[in-house]
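> Predicted coordinates and the sequence they were generated for:
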Amino acid sequence: TIYYPKAYYKRAERYGKNWEWFVKELELEKCEIEKFGPSHRDKFKGKDLNNLYCFKEVNETLMGHYSYDNYSLFFISFFPCVNSTENNNHCKPLEVIDYYLKGTFISFQMQDIELTPQNYDFPYLATSKDIYYTISKKLFQEIHTFFQIVNVETDTDIIGFTDFQSFKSEKLLKYDSMKIMSNIIENNIYETGESFCDITLKLSKNILTQKRTYIKLFDILGNIGGLIEVIFSLLKLVSSFSTKIIYEE
């Protein structure tokens with residue numbers, strides 16, 4: 001009743017100097033706890049989900065980067081709520097809308113991960129990420145949010161034979177960074193109905209690869225063997241004095 005968002009999935013292919021775009025509008029709805037992954041739901045149970053928008057269904061794939069010939073992104077625009085016959089005049093009075101849009105903030109909340117190299121069964125911890133940024137009817141905000149692909153390679157060989165080497169590979173998605181570009185809005189957004197904030201969700205060009213390996217059985221035996229050699233050397237040193245005394249007696 002104060003604002004409304006529109007969301008799109010956009011995919012681009014470069015042909016020479018020109019881009020060919022495929023655009024699909026995505027439906028939004030009020031968030032429910034089932035929208036989040038099972039390992040992340042505890043992080044969002046205490047949040048006021050009724051006041052958050054979620055994608056209703058997402059079957060699209062993030063890929064590439066705008067410096068490549070193929071890439072894709074999710075695009076979200078925020079508009080002021082303006083009464084019309086199409087929305088059954090459900091918007092709040094203009095003075096109420098203006099009270100908020102003169103200066104407020106938008107909360108963007110997402111599930112995220114933290115890598116845990118020490119845990120071989122689960123290479124990441126589920127976390128939540130809260131991003132806040134100010135908006136205004138006179139300050140247009142263009143938010144670029146980047147996610148990083150993380151490749152986790154775990155060496156599952158515990159013996160140490162080269163012929164027995166095996167790796168478990170997992171591909172994860174992790175929040176990377178955000179870039180904000182601001183501009184002054186000169187028009188009256190209540191008359192033009194133009195957006196006052198645009199958000200893009202896309203991949204970062206950087207890819208992180210984390211390699212994890214067990215301590216091999218042969219390494220452990222080697223360390224134990226080295227330790228035994230030290231103990232034997234100390235015993236020989238101590239026993240040499242006793243042997244000398246016994247021999248002289």
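Now that the structure is in, tell me what you want to look at.
> quick one: the helices in this structure?
Taking DSSP state H as the criterion, the chain contains helices spanning 41-44, 94-101, 189-192, 217-248.
> which of the ones you listed has the lowest average pLDDT?
Among these, helix 217-248 carries the lowest mean pLDDT, a mean of 69.
> what ranges do the strands span in the protein?
Remark: strands assigned in the chain by DSSP state E are 3-15, 18-26, 28-30, 53-55, 70-80, 104-115, 124-135, 139-155, 167-184, 197-213.
> Sketch out the low-pLDDT regions of the chain for me.
In the predicted model of the chain, residues 158-165, 216-231 satisfy pLDDT under 70.
> right, and the strands of the chain - which one's nearest residue 233?
For the strands of the chain, proximity to residue 233 was assessed by Cβ to Cβ; strand 197-213 is nearest, at 31.1 Å. The C-beta positions use only the backbone N, C-alpha and C, and glycine is treated the same way.
> Just the CA coordinates for the closest one, please, in CSV.
Output of strand 197-213 as CSV, limited to C-alpha atoms (Å, rounded to 0.1, in the frame of the first residue of the first chain):
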residue,chain,number,x,y,z
CYS,A,197,15.2,2.0,-6.7
ASP,A,198,16.6,-0.8,-8.9
ILE,A,199,18.4,-4.0,-7.6
THR,A,200,20.3,-6.5,-9.7
LEU,A,201,21.4,-9.8,-8.4
LYS,A,202,24.3,-11.3,-10.5
LEU,A,203,27.5,-13.3,-10.4
SER,A,204,30.9,-11.9,-9.6
LYS,A,205,33.7,-12.5,-12.0
ASN,A,206,35.8,-13.9,-9.2
ILE,A,207,35.5,-17.6,-8.5
LEU,A,208,36.8,-19.1,-5.2
THR,A,209,38.3,-22.6,-5.1
GLN,A,210,38.9,-24.1,-1.7
LYS,A,211,40.9,-27.4,-1.5
ARG,A,212,40.7,-29.5,1.6
THR,A,213,42.8,-32.6,2.3
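> who does it touch, helix- and strand-wise?
Counting contacts by 3 or more Cβ pairs under 8 Å, 6 or more residues apart in numbering; DSSP states H and E, strand 197-213 packs against strand 70-80, strand 104-115, strand 139-155, strand 167-184.
> how about 6 Å then?
strand 70-80, strand 139-155 (3 or more Cβ pairs under 6 Å, 6 or more residues apart in numbering; DSSP states H and E).
> chain center to that strand, what's the gap?
7 Å (Cα atoms, centre = their mean, to the nearest Å).
> who touches it?
Contacts to strand 197-213, defined as Cβ atoms under 6 Å, 6 or more residues apart in numbering, come from residues 62, 65, 73-78, 117, 135, 141-155, 176.
> buried ones in stretch 140-153?
Going by neighbour count (16 or more other Cβ atoms under 10 Å), the buried part of stretch 140-153 is 140, 141, 143, 144, 145, 146, 147, 148, 149, 150, 152.
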